[in-house]
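J.: attaching a predicted model along with its sequence, questions to come.
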Amino acid sequence: MAYQSVNPATGKLLKTFEPLTKQQLEDRLAVAARCYETWRHKTYAERAVILAKAAKLLHEQVETFARTMTLEMGKRISEARGEVEYSSSILAYYARNAERFLAPQPLNPIAGEAHMESSPIGVIFAVEPWNFPYYQLARVVGPQLMAGNVLVVKHAGNVPQCALAFEKLLTDAGAPAGLYTNLFISHEQSDSVIDDPRIKGVALTGSVAAGRSVAARAGQNLKPSSMELGGSDAFIVLDDADLEHTMPWAVWGRMYNGGQTCCAAKRFIVVDSVADKFLEKFTLAFDALAAGDPLDEKTTLGPLSSEGALVQLLGQVEQAVSNGARLVTGGKRVDRVGAYMQPTILADVKPGNPAFRDEFFGPVAMFFRVKDEEAAIALANDSDFGLGGSVFTKDIARGKRVASRVETGMMFVNNLSWTDAELPFGGIKDSGYGRELGDIGIQAFVNKKLVRYLKADAPL
């Protein structure tokens, strides 16, 4: 597997890194295992010193971290800065709250006393994607290191400099050798890591195909796993929605990070009475986005992460149209150097069209017109995915009622604001299982041990 930095805005190769040899991988796993035997006995306060320092360094060096991300995967610089700051807040959040989240929980047995206590389980293997090069790392680093586990991490092949920058961040914050280890390894080597008895759990964020493969491997080894996979989130607009409020969320929800977000709004399900007006405004907003240098503050449309990602997305759109979808706007690459695609809207996507069940990982929105609220809920649930979703209405009680009926891991009423360390993140169905962030996120890879104390004679 190649680890290469290629600037998607220019197509220029920045740097190449060699995968680890078998012996180098063994050495890193051995160091991580030794580190765990010490780290597991550190107090929460001792662990928090390192995590809080890492959070502080991220905040202080936001421009450096953000620029590396923009050059490597094309995220617009303002969004890159936001990701760095959010990652900082996640590390600080767990440094402050981990001890409370994992405090012993008293139970109430019929006789005697009992409690549940939490303890780390060992070295956790994390496989992370390129679309949020720091945030994806922060949301495993914060909870798992504070829980007393240690991490070995396989980051995506196209963001190696981000991977190294985050490893250095932990080292600069005072992390001992082996606490957080970056691994430039192949898919075959990943299998061997999962098989290794020193690895006690596996966390993956990625595609459905990757999730099936890694989850199966972890299952064969009877190791716990968490899977955050793809999504095709519904953005429901009811007949009483305030379109002036809704439209900015619709554009942001589809176009944030160039549309390369698992929990992005992807299926826009609009009740008929407001559908024409919504589509008109939505199309105008998409057409107004202008491609440019992602390092330029004024740029409103950055590149996709790679030429390969662009080619795949163009192919999906072409297939959708050939199967009956109507191209409302866009659908082509932008006529300039780099992996840029026009913001695209597809309508009239029918159930027999492959696009109906696909995930479009980029600036492509599907527009659906429905009769009423019931039809909107039914269509939202007619998906193999179940990550997130949103509903827009002036009636908050109605919004909450709809949210409760949509089959996803996350629903938002009149917003799409998932960027909060306190909010658990994850989905159901083909979107995976388990949760990251919040108080739930630190529970994934800890031993929940029952301790009971009772003065009683042994039964005969």
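T.: Thanks, I have the structure now.

J.: how far away is residue 126 from residue 101?
T.: Per Cβ to Cβ, to the nearest Å, residue 126 is found 19 Å from residue 101. Just so you know, the C-beta spots here come from the backbone N, C-alpha and C atoms, and that holds for glycine as well.

J.: between those two, who's got more neighbours?
T.: More crowded of residue 126 and residue 101, by other Cβ atoms under 10 Å: residue 126, with 23 against 19.

J.: how is this structure partitioned into domains?
T.: If you go by automatic domain parsing, the domain ranges for the chain are 3-229+431-451, 233-413.

J.: now the ones you listed as JSON lines including mean pLDDT?
T.: Output for the domains of the chain, formatted as JSON lines (pLDDT from 0 to 100):
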{"stretch": "domain 3-229+431-451", "mean pLDDT": "98"}
{"stretch": "domain 233-413", "mean pLDDT": "98"}
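
J.: as a markdown table, those with distance to residue 421 would be great.
T.: Shown next, in a markdown table, are the domains of the chain (distance: least, Cβ to Cβ, whole Å):
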| stretch | distance to residue 421 |
| --- | --- |
| domain 3-229+431-451 | 4 |
| domain 233-413 | 14 |
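
J.: out of those, which is closest to residue 457?
T.: Minimum separation from residue 457 across these (Cβ to Cβ) falls at domain 3-229+431-451, 11.8 Å.

J.: straight-line length of that closest one, end to end?
T.: Criterion Cα to Cα, to the nearest Å; first-to-last residue distance in domain 3-229+431-451 is 47 Å.

J.: helix, strand, or coil at the nearest residue to residue 444 once chain neighbours are set aside?
T.: Leaving out its chain neighbours, the residue that sits closest to residue 444 by Cβ to Cβ, 6 or more residues apart in numbering is residue 226, at 5.1 Å. With DSSP: H, G, I helix; E, B strand; the rest coil as the basis, residue 226 sits in strand.

J.: so residue 226 touches residue 440, yeah?
T.: No: in this structure, residue 226 is not within contact of residue 440 by Cβ atoms under 8 Å, at 10.4 Å.

J.: how about residue 385, phi and psi?
T.: Dihedral angles of residue 385 (phi, psi; degrees, to the nearest 10) stand at phi -100, psi 160.

J.: how about residue 181?
T.: According to degrees, to the nearest 10, residue 181 has phi -130, psi 120.

J.: report the contact partners of it.
T.: Counting by Cβ atoms under 8 Å, 6 or more residues apart in numbering, residue 181 makes contact with 28, 31-32, 150-153, 167.

J.: quick one: the residue lying closest to it once chain neighbours are set aside from residue 163, how far?
T.: Spatially, and ignoring its direct neighbours in sequence, residue 181 is nearest to residue 152 (4.6 Å; Cβ to Cβ, 6+ apart). Taking Cβ to Cβ as the measure, residue 152 falls 12 Å from residue 163.

J.: for residue 392, same thing?
T.: Residue 392 is 38 Å from residue 163, by Cβ to Cβ.

J.: do residue 204 as well
T.: Shown here: residue 204 relative to residue 163, a distance of 15 Å by Cβ to Cβ.

J.: where exactly do the strands run in the stretch 351-460 of the chain?
T.: Ranges of strands in the stretch 351-460 of the chain, per DSSP state E, counting those that start in this stretch, are 364-370, 385-386, 389-392, 412-413, 428-429, 432-433, 446-453.

J.: wait, the stretch 151-300 of the chain
T.: Under DSSP E, counting those that start in this stretch, the stretch 151-300 of the chain gives strands at 180-182, 199-205, 225-228, 233-237, 265-271.

J.: sheet partners, orientation included, of the shortest one?
T.: Strands that pair with strand 180-182, judged by DSSP bridges, come out as strand 150-154 (parallel).

J.: and the second one, by the same measure?
T.: Looking at strand 199-205 with DSSP bridges, its partner strands are strand 123-127 (parallel), strand 225-228 (parallel).

J.: count the neighbours of residue 154 for me.
T.: 22.

J.: am I right that it is in contact with residue 125?
T.: Yes: using Cβ under 8 Å, residue 154 is in contact with residue 125, at 7.4 Å.

J.: common neighbours of those two, please.
T.: Common neighbours of residue 154 and residue 125 (criterion: Cβ under 8 Å, 6+ apart): 190, 193.

J.: rewinding a little: let's have the strands of the stretch 351-460 of the chain in a markdown table, adding distance to residue 141 and mean neighbour count.
T.: What follows is the strands of the stretch 351-460 of the chain, written out as a markdown table (distance: least, Cβ to Cβ, whole Å; neighbours: other Cβ atoms under 10 Å):
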| stretch | distance to residue 141 | mean neighbour count |
| --- | --- | --- |
| strand 364-370 | 32 | 23 |
| strand 385-386 | 26 | 26 |
| strand 389-392 | 28 | 29 |
| strand 412-413 | 26 | 20 |
| strand 428-429 | 25 | 16 |
| strand 432-433 | 19 | 22 |
| strand 446-453 | 15 | 12 |
